[in-house]
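Peer 1: need coordinates for the below:
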Amino acid sequence: MNTATATVNGATTEFTPCTRPGSMNTPVLATVVVSVPMDHDDLVAALFEWGNLDDSCTALADDDQARSLVVEAVVNVGLSRVEAVRDDIEGMEAGDGRRAWLTLCRKRVTQLFPATAPRIRRRQRTVARELVTA
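Peer 2: Have a look, this model is predicted:
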């Protein structure tokens, strides 16, 4: 089985990309590096996507597996689906039966991906000095 790695907020995890290794006639190793601006609500939606799995609560208990589910949702399922799930969460009624799963997803995202301060890039200044000889 092919595996790939991804890093979210400094936490690196392995995941299984959606590829067809058995049907590749000319396999190529592609290295793709993408920085995607996301917030905790996006990560919660990515994790929430997996709520229909029979062992979803068990999967969330394992840090590596939970991180992998987030990455697989973003990479394999796609950001369009993550956005749709986020919209679904935002429109969720108070008595919705999925609230307990949502609460668990929020808790695990906070534990697995602590918020980081945004990096501010500072322009480097170049100081040119002239040597004046008298």
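
Peer 1: use CA for all of it now, contacts and neighbours both
Peer 2: OK.

Peer 1: would you check that Glu72 makes contact with Pro17?
Peer 2: Yes. At 7.1 Å, Glu72 counts as touching Pro17 under the criterion of C-alpha atoms under 8 Å.

Peer 1: where along the protein do the helices fall?
Peer 2: 40-48, 56-61, 63-72, 79-90, 99-112 (DSSP state H).

Peer 1: would you mind finding the most buried of these?
Peer 2: Of the helices of the chain, the one with the most neighbours on average (mean count of other C-alpha atoms under 10 Å) is helix 40-48, at a mean of 23.

Peer 1: mean pLDDT for the helices of the chain: which is lowest?
Peer 2: Among these, helix 56-61 has the lowest mean pLDDT, at a mean of 80.

Peer 1: can you give the distance of that helix from its chain's centre?
Peer 2: Offset of helix 56-61 from its chain centre (C-alpha atoms, centre = their mean, to the nearest Å): 17 Å.

Peer 1: would you mind writing the CA trace of stretch 90-103 as CSV?
Peer 2: Extracted in CSV, the C-alpha atoms of stretch 90-103 (Å, rounded to 0.1, in the frame of the first residue of the first chain):
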residue,chain,number,x,y,z
GLU,A,90,-22.6,25.9,10.8
GLY,A,91,-26.3,25.2,10.0
MET,A,92,-26.7,22.4,12.4
GLU,A,93,-29.7,22.5,14.7
ALA,A,94,-29.2,22.5,18.5
GLY,A,95,-30.9,19.1,18.9
ASP,A,96,-29.0,17.4,16.0
GLY,A,97,-27.9,13.9,17.0
ARG,A,98,-24.4,14.6,15.5
ARG,A,99,-23.6,17.2,18.2
ALA,A,100,-21.7,14.7,20.4
TRP,A,101,-19.5,13.7,17.4
LEU,A,102,-18.9,17.4,16.6
THR,A,103,-17.9,18.1,20.2
